[in-house]
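Participant: could you work out the structure for the sequence below:
(2 chains)
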Amino acid sequence: MSPTSDYSLLLDAIVPLGTCRVDHHGWDATRWGRTLRAADWHRLSPILFCYLEPRPGVPAAVRSALERSYLANAARNLFIAATSRRVFQALADADVPAMPLKGAALIETIYPDPGQREMLDLDILVPANQISDATAALAELGYRAAPGSGEAQQDSMQLQPERHHDLPLVGEQQLVAIELHRHVALVGEGNSFEIDGFWDRARSASDSTRLLPAPEDLLLHVCMHFTRNRLGGSYRRRHTGGALGQICDIARIVDCELLDWEVLAHTARSYGLGATVFLALFAARELGVQVPEAPLAQLRPPGFEPSLGRRLVSLRVLRDGNHMPVRGMRWMFAPSREVLSRGWNADPTATRSLARAYMRRARTNAPLAKSALRRPWAFVQDQRLNDQIRSLQDRA
Amino acid sequence: MTGGPELMLGQRLRREEGVLAQEAHGQTVLLRLHDGGYYALDEVGAMIWELCDGRRAVAEIVSELCAEFDAPEATVRADVLEFIDDLRRERLLVLDPD
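Facilitator: Below you'll find the predicted structure:
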């Protein structure tokens, strides 16, 4: 697969090959503009800055825009790191075992320069039976549940109560949200996923306030997010950004961590996540990440065709912008009573309340519906890809 | 506008509480925790920031920079005073009362 040159530069920044995929010298403003938009969408502006900083041929305005992104991100991550230290200390003081997940775990393990990795919030895994202790410990620091709205809230609520995370907690300044996770899987995702194994395999961090996911679990979790996000997001995130950012995470884990691929393949399969992890690793390998053949062969779901994996890469990875909703007509036009009551504050027993919630939701989703109706073929193509991926996951 | 009373060469400065610093790709990012304001310092700025440790007087900082960069003292002194004044105005440095 040969990506377009806009993405080639991003790929050079995250998965360098022996030679550059593209020569950026002489690019005009339009082309740089496209690249900056793509970098922003894929959450790679800070890394692109570090990649281009020593290289000639970059217009001053481009360099300056990327530098601003990088420095803003470094400052934000500095703030999150300070928050993280206070939070983990509070949890340790309350005798609640805790483990950073996602960005917080990745920054601690595979990003020596934290300014390079964009992070939206602070995700922390705690034992399910200590979630209320953890919430109480964070309340002491001033963190309270953030009032959600619309399907952002509904998305959290649809998670099994005994799994995943509660509503985000925010401090008075509301600068960073903390999500306390009971589990790392969503409803229907890895149905045989025992979170105890995640704890058992965890390793110690540099201080005793927290654990860190095992390298294989770090990769498993990134792969889960990659595939989940490529299937579509919430009303808010639609086709979510950050795909190449996730490929960068995979590349860095493969590069920096001592992985036991047998353990990864065994764990993914035993959790019912073989196809999910396979698709992420296949996409990463297509884009140049050095994923060995053996684990891919072990995880490859029956009936998988490379053309499907390549379509996933071209339609869902090497793209930017909110181009298409991927949840389906039924999700857009016929939401369930539960969605309206949980996500849009409707009284499920009152028709008028449900109708008002339906209208609020319809107004919010109107841009999505319009874009689907404008590009019916792309919509069908999107739906078909989702169906094929779900079918692979079911078979695995 | 300055960051307070005029700075004297014998005075000491220390970093304001609640300001975090981190090296970031050749620069140093300062973050004021209480409002999220952040600043990027180049190599020389970062060195002055490091030297403002509450123990060194401004005159000592100037001397150290003169030795490091082999520059005329009058120029360095003027630049350091201006820079430190900026950092005080931004509530990143404070005069050490001791």
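Participant: how about the strands in the chain?
Facilitator: All of this is about chain A. Applying DSSP state E to chain A gives strands spanning A:99-100, A:122-125, A:144-145, A:169-170, A:177-181, A:203-204, A:211-212.
Participant: hm, I was asking about chain B
Facilitator: B:13-15, B:19-24, B:27-32, B:37-41, B:93-95.
Participant: in CSV, list those strands along with mean pLDDT and distance to chain A.
Facilitator: (C-beta placed from N, C-alpha, C; glycine too.) CSV is the format used below for the strands of chain B (pLDDT from 0 to 100; distance: least, CB to the nearest CB, whole Å):
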stretch, mean pLDDT, distance to chain A
strand B:13-15, 94, 14
strand B:19-24, 93, 4
strand B:27-32, 94, 5
strand B:37-41, 93, 3
strand B:93-95, 93, 18
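Participant: residue numbers of chain A in contact with chain B?
Facilitator: Proximity of chain A to chain B, by CB under 8 Å from any CB of the partner chain, involves residues A:49-50, A:53, A:70-72, A:74-75, A:78-79, A:82, A:113-115, A:173, A:175.
Participant: just the closest of those residues to A:Ala61, please.
Facilitator: Distance to A:Ala61 across those (CB to CB) is lowest for A:Phe49, with 13.1 Å.
Participant: please tell me how far the closest one sits from A:Val289.
Facilitator: For A:Phe49, the distance to A:Val289 (CB to CB, to the nearest Å) stands at 21 Å.
Participant: more neighbours, the two?
Facilitator: A:Phe49 (26 against 21; other CB atoms under 10 Å in any protein chain shown).
Participant: who's in contact with that one?
Facilitator: Contact analysis of A:Phe49 by CB atoms under 8 Å, 6 or more residues apart in numbering or on different chains lists A:63, A:66-67, A:69-70, B:25.
Participant: repeat that for A:Arg34.
Facilitator: If a contact means CB under 8 Å, 6+ apart, then A:Arg34 has A:Asp6 as its contacts.
Participant: how about the one 5 residues further on?
Facilitator: With contacts defined as CB under 8 Å, 6+ apart, A:Ala39 is in contact with A:10, A:45, A:48, A:66.
Participant: apply 7 Å and report the result again.
Facilitator: By CB atoms under 7 Å, 6 or more residues apart in numbering or on different chains, the contact list for A:Ala39 reads A:10, A:45, A:48.
Participant: out of the residues you listed, grab the one that's most surrounded.
Facilitator: That'd be A:Leu10 among these, by other CB under 10 Å, with 29 neighbours.
Participant: tell me how many other residues crowd residue 33.
Facilitator: All of this refers to chain A. Counted with other CB under 10 Å, the neighbours of A:Gly33 add up to 14.
Participant: meant chain B, my bad for not saying
Facilitator: 17.
Participant: that one against B:Gly18, yeah?
Facilitator: Yes - between B:Leu33 and B:Gly18 there is a contact under CB atoms under 7 Å: 4.3 Å.
Participant: gap between the closest residue to A:Ser45 other than its chain neighbours and chain B?
Facilitator: Once flanking residues are discounted, A:Ser45 sits nearest to A:Ser69: 3.7 Å by CB to CB, 6 or more residues apart in numbering or on different chains. A:Ser69 sits 12 Å away from chain B, going by CB to the nearest CB, to the nearest Å.
Participant: for A:Ser69, grab the count of nearby residues.
Facilitator: By other CB under 10 Å, the residues close to A:Ser69 number 22.
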